[in-house]
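Asker: generate coordinates for the sequence data below:
(2 chains)
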Number of protein chains: 2
Amino acid sequence: MTDYFLGVDLGGTNVAIGLLDVDGTILAQNSIPTRVADGPESFVKRSCQACREMVTRADIDITKVKAVGIGSPGPLSVSKGRIIKAGNLPGFDNYPLRAEFSKQLNMPAWVDNDANAACWGEFWLGAGKKVTDMVMLTLGTGIGGGIIIEGEMIYGSQENGSELGHTIIQPGGRKCACGQLGCLEAIASASNTAARAKEALAEGRPSKMQDFLKTNPDLTCKDLFDFAIAGDELALEIVDGTARALAQICVNMLHITEPQMVVLTGGMILAGDFLLNQVKNHYHKMLWNLKTETMQITLATLGNNAGLIGAAGLALHAHQQNKLPPIGT
Amino acid sequence: MTDYFLGVDLGGTNVAIGLLDVDGTILAQNSIPTRVADGPESFVKRSCQACREMVTRADIDITKVKAVGIGSPGPLSVSKGRIIKAGNLPGFDNYPLRAEFSKQLNMPAWVDNDANAACWGEFWLGAGKKVTDMVMLTLGTGIGGGIIIEGEMIYGSQENGSELGHTIIQPGGRKCACGQLGCLEAIASASNTAARAKEALAEGRPSKMQDFLKTNPDLTCKDLFDFAIAGDELALEIVDGTARALAQICVNMLHITEPQMVVLTGGMILAGDFLLNQVKNHYHKMLWNLKTETMQITLATLGNNAGLIGAAGLALHAHQQNKLPPIGT
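Answerer: Residues are numbered from 1 along each chain as shown, chains lettered A, B, ... in the order given. Now for the predicted structure:
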């Protein structure tokens, strides 16, 4: 007689939905289009319908499903269960996501940031499943952060914490979309890594990327890594800057919350060990040797399922701690 | 029928001892010489004797004293209750401080870092008494850090966390005593602020400090601040660098654990609002304006008593949570 949990990973294009047991086994999984333009009511209605159908098909009594967890782009308020403002979900601002899911499924709900959900997924069942203290960095358009201390997600006093991408690591450095100078994100996100390459190319720096750029003006971070792996010096220099910035945040987090593990995820980790080894090398060169430090730096293992698993996992965790809000709130 | 707690603040020269009630009222306070050269056994014996005498003089039944808290220089292991290695306490390495205090006073004991004790003191009864999430920076020879999240001290997975002075804020920057480059401490501690001034003077930079240095080769951070307050341009520039570095760690901690308050303490805060206002100005200039942030930056209020109060307070906190180890361990 186990309990079950639903996980919903809300993206700008698709919504991934899954039914998990308390061990994290995915019993069923589905994906439906988000259809942002139809508004949040339509999204919730179709998502809840997909959830109910999934439970029925899995032949599980819905009263055994104890809660639904939703991972959503933010910023959002976990305590209020609302999206505050999500760039790629116009019309969803201030929508009471948690209350609506909870009402329509008639079960408690938990809404959290998608970065936190992915972090929790890796912590529960992925790279971090053997640790109690973990940091995750999501390397995409921006850099999202997640911090877990002694098995608990850190939200910050006003729910704005864990924004590791906006720690300033090079004062007076490259301007970030957030307005600050020298943020980690401004240097080391996938988008900004590609942008730094394009800036260097625009300055006329010699590279095989110059020819490539003529037919591919949207040089991506993946393109850049391909050139770096092929030995292009400028590409290697740009990637090195990214790896150094990531190593610096690893050193800093070791000295702040001292996790046992930093997990890298997001599109950039397609570069695999080529990226990871450079981050580790810079980390070991930068770090003091006063004490023996055992923090691991590693890549995420759950891929795209991390958000779905983590959303269900956060609902399970809140359930175990009696922290789920009443149904309909 | 209230409970009482003893607090012991172990320093390289003197030991401050106090008897507090559960509200933090100091009922009695005393100071004895540490006499480091006599070794840790002598120190513990004399400290415990002073504790017992204090309780007797206060006319309190010692069975009502529930625990003793000891704040000590580190690094130390809170879980083991031992100093690992303390630079200014030769001979105290690996000494079982907690077990000995506990045996000799026949009550549970709690040993913690002096920086954590001072942080907890300010959190309990000082600048941070109205907040739940706080960061403290102790600006002395080095820079010590303390982090409190939702009313709990953060230690890190291997008890090496909260070393905020060793976060790298200027990659490739000034060399720190710890071996890293560009640590906060290497730029903004009292000692390194004075050292940066002396380096600039050695380069021949014009300043009224050049004359002063001829008769005062040990230019201190306080001297530097006096020149800055009097309008000396080089002194102002050096202080500005310190204020910028402190503002950067404030921005970074806002984005990491998001405290409601950052408290500055240590010798450098004798400079008062002159320092504080510069830190705040840089903080507001550096920080994004994406969200309305309400974090306060302020000065500690308990002065030298913070360590004593916090040591007793950490013992009280551990008592309330049933986390005090058994007597004699």
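
Asker: am I right that A:G81 is in contact with A:A109?
Answerer: Yes: checked against C-beta atoms under 8 Å, the pair A:G81 and A:A109 is within contact range at 6.9 Å. (C-beta placed from N, C-alpha, C; glycine too.)

Asker: for the stretch 1-150 of chain A, which residues are neighbours of chain B?
Answerer: Listed as neighbours of chain B in the stretch 1-150 of chain A under the rule C-beta under 8 Å from any C-beta of the partner chain: A:75, A:131-133, A:147, A:149.

Asker: these in helices, which ones?
Answerer: Per DSSP state H, helices hold no members of the residues of the stretch 1-150 of chain A next to chain B.

Asker: from these, which is closest to chain B?
Answerer: Chain B has its nearest neighbour among these in A:D133, at 4.1 Å by C-beta to the nearest C-beta.

Asker: poorly predicted segments of chain A, please.
Answerer: Along chain A, segments meeting pLDDT under 70 span A:1.

Asker: which residue is nearest the centroid of it?
Answerer: Geometric centre of chain A, nearest residue: A:A115, 3.2 Å, by C-alpha atoms, centre = their mean.

Asker: chain neighbours aside, what residue packs nearest to that one?
Answerer: Once flanking residues are discounted, A:A115 sits nearest to A:G144: 3.4 Å by C-beta to C-beta, 6 or more residues apart in numbering or on different chains.

Asker: need the contact list for the residue of the stretch 201-329 of chain A found nearest chain B.
Answerer: Nearest to chain B, among the residues of the stretch 201-329 of chain A, is A:E258, at 2.7 Å (C-beta to the nearest C-beta). Counting by C-beta atoms under 8 Å, 6 or more residues apart in numbering or on different chains, A:E258 touches A:133, A:295, B:155-162.

Asker: so which strand or helix has the residue nearest to the centre of chain A?
Answerer: Secondary structure assignment for A:A115, by DSSP states H and E: helix A:114-125.

Asker: show me which residues of that helix are buried.
Answerer: A:114-125 (16 or more other C-beta atoms under 10 Å in any protein chain shown).

Asker: next one: that helix to chain centre, how far?
Answerer: In terms of C-alpha atoms, centre = their mean, to the nearest Å, the gap separating the centre of helix A:114-125 from the centre of its chain is 8 Å.

Asker: could I have the CA atoms of it written out in PDB?
Answerer: C-alpha atoms of helix A:114-125 as PDB (Å, rounded to 0.1, in the frame of the first residue of the first chain):
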ATOM      1  CA  ASP A 114      11.800  24.700 -12.100                       C
ATOM      2  CA  ALA A 115      15.400  25.100 -11.200                       C
ATOM      3  CA  ASN A 116      14.600  23.900  -7.600                       C
ATOM      4  CA  ALA A 117      12.600  21.000  -9.000                       C
ATOM      5  CA  ALA A 118      15.500  19.900 -11.200                       C
ATOM      6  CA  CYS A 119      17.900  20.300  -8.300                       C
ATOM      7  CA  TRP A 120      15.600  18.200  -6.000                       C
ATOM      8  CA  GLY A 121      15.300  15.600  -8.700                       C
ATOM      9  CA  GLU A 122      19.100  15.100  -9.000                       C
ATOM     10  CA  PHE A 123      19.300  15.200  -5.200                       C
ATOM     11  CA  TRP A 124      16.700  12.600  -4.700                       C
ATOM     12  CA  LEU A 125      17.500  10.100  -7.500                       C
END
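
Asker: please name the strands paired to the helix or strand following it in the sheet, noting orientation.
Answerer: Where DSSP H and E defines the elements, the next helix or strand beyond helix A:114-125 is strand A:134-139. Applying DSSP bridges, strand A:134-139 is found paired with strand A:143-149 (antiparallel), strand A:261-265 (parallel).
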